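A.B. asks: next come a sequence and a model predicted from it.
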Amino acid sequence: MSSADVIITGGRVVSTSGATAADVIIEGERIAAVVAPGSAAATAAESGGARIVDATGCYVVPGGVDVHTHLQLPMSPDATSSDTFATGTAAAAWGGTTTIIDFAGQMKGMHVRDAVEERLAEADGQCTIDYGFHLSMGDIDEIALKEMGTLADEGLTSFKFFMAYPGVYYSDDGRLLQAMQRTAELGALAMMHAENGIAIDVLRDQAAARGDTGSIWHGRTRPSRLEGEAVHRAAALAEVAGAPLYIVHLSSSDALEQVSWARQRGLNVFAETCPQYLYLSIDEHLDQPGIDGLRHICSPPLRERDTHDTLWQGLRRDELAVVSTDHCPFCDNEKLLGTDDFRVTPNGLGSIEHRMDLIHAGVIAGEISLARWVETCSTTPARLFGMYPQKGVIAPGSDADVVVYDPNVTQTLGADTHHMNLDHSVWEGIEMPGQVRTVLSRGSFVIDNRSYVGRAGHGRYLRRDLSDLLV
Ligand code: URP
Ligand code: ZN
Ligand code: ZN
């Protein structure tokens, strides 16, 4: 038997079934054992030269898995999301996330293979933590449908389709049906941006023609009813295609109602929400003049405050299976492009660093359990996207992606202290009850007692299996 390299002692190991006092023994890149404190194996590891990480008073949790990020994404000729693969993955690690799945984007007229190769080249050697890609499909034609099979064989097993963004990524219902028939055939996962983009574009143009060009109109022209309608239609198309479906960045009660309806009908429909939809609101955040409003433009938009309770309830009931970030940050100079017209503002917010903290705060607030924190932020995303049990669990044989989380510290979020490449924070001044202390990625320290010791290039591209949660 090889000797232990690291032992994490004195903490409570959190899994989907709760928290237990246990020590975690790491050999090389993998977890070797999870043992009772004081057991012979723990004593042997400690006396055998393993580095001892004292986690007394802390939770020991599987590294976070954020399955929806947009690093260095060109949104328009003048706006590219500000976190690079290097800065974004380092910031993720600071916040306890050890795996991300970003997107390769197929634009009109582009071969999906080229889209993926381009993105692989951009990320190569840059990432601090492990990463994968979904494919965003903006041109579903016969060639693309065929190439999806090769990509799935190579470990890219999830595909995002769009009911929004006409002229860019939008596909009509016929194309969506064909694409979902294909994911069903491949056993892959269809992801949907569910907003009725055709109707939304009419509302946007009408607002602009009236001179209603401020940030608030971004929200008012994307009503939640048009998100709910799109979720319903996506679920119906998925049912007809026999395809499992994953709704991304779900923001509204209308949309959640449709997910519940689909699940009660027995459909294989899953959904994620994001921290911004659990904490921020249209009235308090989007409806502000100037840069303050523009910073809060994302799609779907922020909703009314009372939606927060509904979405937390959705997380408790497993109608919402995952919390991801949809991290897509833009610095103020790019957000300001929309000063005279909300339609020009690059869409997206930055939160890759704060997801684990913000959802842990929900545990402290009594919204969800500790087990559910780990399940929604780590285990279920790993399972849904074909990475389990390599990721998402602390168990023998799994990658040693481990976070020591201190629930006794209070931190204040903000641009001065965060590590995202972003000159402001939509989380400015918010107090968090808890903080990441130490992070390991495949057995290597990335954050060591609040110091960054990671390395760009340590992160490996993940060839993923098919999901183990789909039937
Ligand atoms: O505003 C957002 N969500 N920007 C990223 C693009 C998307 O649709 O996920
Ligand atoms: Zn989207
Ligand atoms: Zn997104």
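C.D. replies: In hand now; what should we look at? Ligands and ions are numbered 1, 2, ... in the order given.
A.B. asks: how about the strands in the stretch 351-471 of the chain?
C.D. replies: 402-412, 431-441, 444-448, 451-452 (DSSP state E, counting those that start in this stretch).
A.B. asks: nearest to ligand 1 among the ones you listed would be which one?
C.D. replies: For these, the distance to ligand 1 is smallest for strand 431-441, at 23.0 Å, taking Cβ to the nearest ligand atom. No exception for glycine: its C-beta is placed from N, CA and C like everyone else's.
A.B. asks: and the closest one, which strands flank it?
C.D. replies: Note on strand 431-441: by DSSP bridges, its sheet partners are strand 402-412 (antiparallel), strand 444-448 (antiparallel).
A.B. asks: which residue lies nearest the spatial centre of this protein?
C.D. replies: Nearest residue to the geometric centre of the chain (Cα atoms, centre = their mean): Ser324, 2.6 Å.
A.B. asks: what pLDDT does it get?
C.D. replies: Looking at Ser324, its pLDDT is 99.
A.B. asks: just give the nearest non-adjacent residue to it, would you?
C.D. replies: Closest residue in space to Ser324, ignoring its immediate chain neighbours: His68 at 3.6 Å, by Cβ to Cβ, 6 or more residues apart in numbering.
A.B. asks: cool, Pro289 as well?
C.D. replies: Gly214 (7.1 Å).
A.B. asks: got phi/psi on that neighbour?
C.D. replies: Dihedral pair for Gly214: phi -80, psi 170, per degrees, to the nearest 10.
A.B. asks: residues contacting it?
C.D. replies: Gly214 makes contact with 289, 293, 342, according to Cβ atoms under 8 Å, 6 or more residues apart in numbering.
A.B. asks: next, the contact list for the second one, please.
C.D. replies: Counting by Cβ under 8 Å, 6+ apart, Gly293 touches 214-216, 285-287.
A.B. asks: quick one: it and Gly64, what's the gap?
C.D. replies: Using Cβ to Cβ, to the nearest Å, we find Gly293 at a distance of 30 Å from Gly64.
A.B. asks: check Ala199 too.
C.D. replies: Ala199 sits 35 Å away from Gly64, going by Cβ to Cβ.
A.B. asks: and these two? which has more neighbours close in?
C.D. replies: Comparing Ala199 with Gly64 by neighbour count (other Cβ atoms under 10 Å), the higher total belongs to Gly64, at 34 against 16.
A.B. asks: can you check the pLDDT for the more buried one?
C.D. replies: 99.
A.B. asks: repeat for the one 5 residues further on
C.D. replies: At Thr69, the pLDDT value in this model is 99.
A.B. asks: which positions in the stretch 201-350 of the chain make contact with ligand 1?
C.D. replies: Within reach of ligand 1 by Cβ under 6 Å from any ligand atom, the stretch 201-350 of the chain has these residues: 249, 298-299, 326, 328, 347-348.
A.B. asks: CSV for those residues, including neighbour count and secondary structure?
C.D. replies: CSV is the format used below for these (neighbours: other Cβ atoms under 10 Å; DSSP: H, G, I helix; E, B strand; the rest coil):
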residue, neighbour count, secondary structure
His249, 24, coil
Cys298, 25, coil
Ser299, 20, coil
Asp326, 27, coil
Cys328, 25, coil
Asn347, 21, coil
Gly348, 24, coil
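A.B. asks: so where is this structure shaky, pLDDT-wise?
C.D. replies: Applying pLDDT under 70 to the chain flags residues 1-2.
A.B. asks: try 50 this time
C.D. replies: 1 (pLDDT under 50).
A.B. asks: for whichever residue of the stretch 151-300 of the chain sits closest to ligand 1, grab phi and psi.
C.D. replies: Closest approach between the stretch 151-300 of the chain and ligand 1, counting by Cβ to the nearest ligand atom: Cys298, at 3.6 Å. Dihedral angles of Cys298 (phi, psi; degrees, to the nearest 10) stand at phi -150, psi 160.
A.B. asks: and what of His296?
C.D. replies: Main-chain dihedrals, His296, degrees, to the nearest 10: phi -100, psi 10.
A.B. asks: that one - how many residues pack around it?
C.D. replies: The number of residues packed near His296 is 26, by other Cβ under 10 Å.
A.B. asks: one more: Gly49?
C.D. replies: Considering only other Cβ under 10 Å, Gly49 is surrounded by 10 other residues.
A.B. asks: report the contact partners of it.
C.D. replies: Ser3.
A.B. asks: how close does it sit to ligand 1?
C.D. replies: 47 Å (Cβ to the nearest ligand atom, to the nearest Å).
A.B. asks: does that residue belong to a helix, a strand or coil?
C.D. replies: Remark: Gly49 carries the secondary structure label coil [criterion: DSSP: H, G, I helix; E, B strand; the rest coil].
A.B. asks: and what of Ala4?
C.D. replies: coil.
A.B. asks: contacting residues around it?
C.D. replies: Shown in contact with Ala4 (Cβ under 8 Å, 6+ apart): 25-27, 32, 44-45, 48, 50.
A.B. asks: switch the residues you listed over to TSV; also include secondary structure.
C.D. replies: Formatted as TSV, the contacts of Ala4 follow (three-state DSSP):
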residue	secondary structure
Ile25	strand
Ile26	strand
Glu27	strand
Ala32	strand
Ala44	helix
Ala45	helix
Gly48	coil
Ala50	coil
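A.B. asks: closest one to ligand 1 out of those, please.
C.D. replies: Distance to ligand 1 across the contacts of Ala4 (Cβ to the nearest ligand atom) is lowest for Ile26, with 35.0 Å.
A.B. asks: Ala400 is in contact with that closest one, correct?
C.D. replies: Yes - between Ile26 and Ala400 there is a contact at 4.3 Å, judged by Cβ atoms under 8 Å.
A.B. asks: any shared contact partners between those two?
C.D. replies: With Cβ under 8 Å, 6+ apart as the test, Ile26 and Ala400 both reach 6, 440, 443.
A.B. asks: show the contacting residues for the first one.
C.D. replies: With contact taken as Cβ under 8 Å, 6+ apart, Val6 is in contact with 25-26, 50-53, 400, 440, 443.
A.B. asks: how about the last one?
C.D. replies: When contacts are counted by Cβ under 8 Å, 6+ apart, Gly443 touches 5-6, 26-30, 399-400.
A.B. asks: buried ones in stretch 438-458?
C.D. replies: Within stretch 438-458, the residues scored as buried using 16 or more other Cβ atoms under 10 Å are 438-448, 452, 454, 458.
A.B. asks: can I get these in TSV with distance to Arg225?
C.D. replies: Formatted as TSV, these follow (distance: Cβ to Cβ, whole Å):
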residue	distance to Arg225
Thr438	45
Val439	41
Leu440	45
Ser441	42
Arg442	45
Gly443	49
Ser444	48
Phe445	48
Val446	43
Ile447	43
Asp448	49
Tyr452	45
Gly454	44
His458	45
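A.B. asks: which SS state does the closest residue to Thr99 other than its chain neighbours fall under?
C.D. replies: In space, and not counting its chain neighbours, Thr99 is closest to Val65: 4.5 Å by Cβ to Cβ, 6+ apart. Following three-state DSSP, we place Val65 in the strand state.
A.B. asks: ranges for the helices of the stretch 201-350 of the chain?
C.D. replies: 216-220, 224-241, 253-264, 275-279, 290-294, 307-316, 332-335 (DSSP state H, counting those that start in this stretch).
A.B. asks: good, we can wrap up now.
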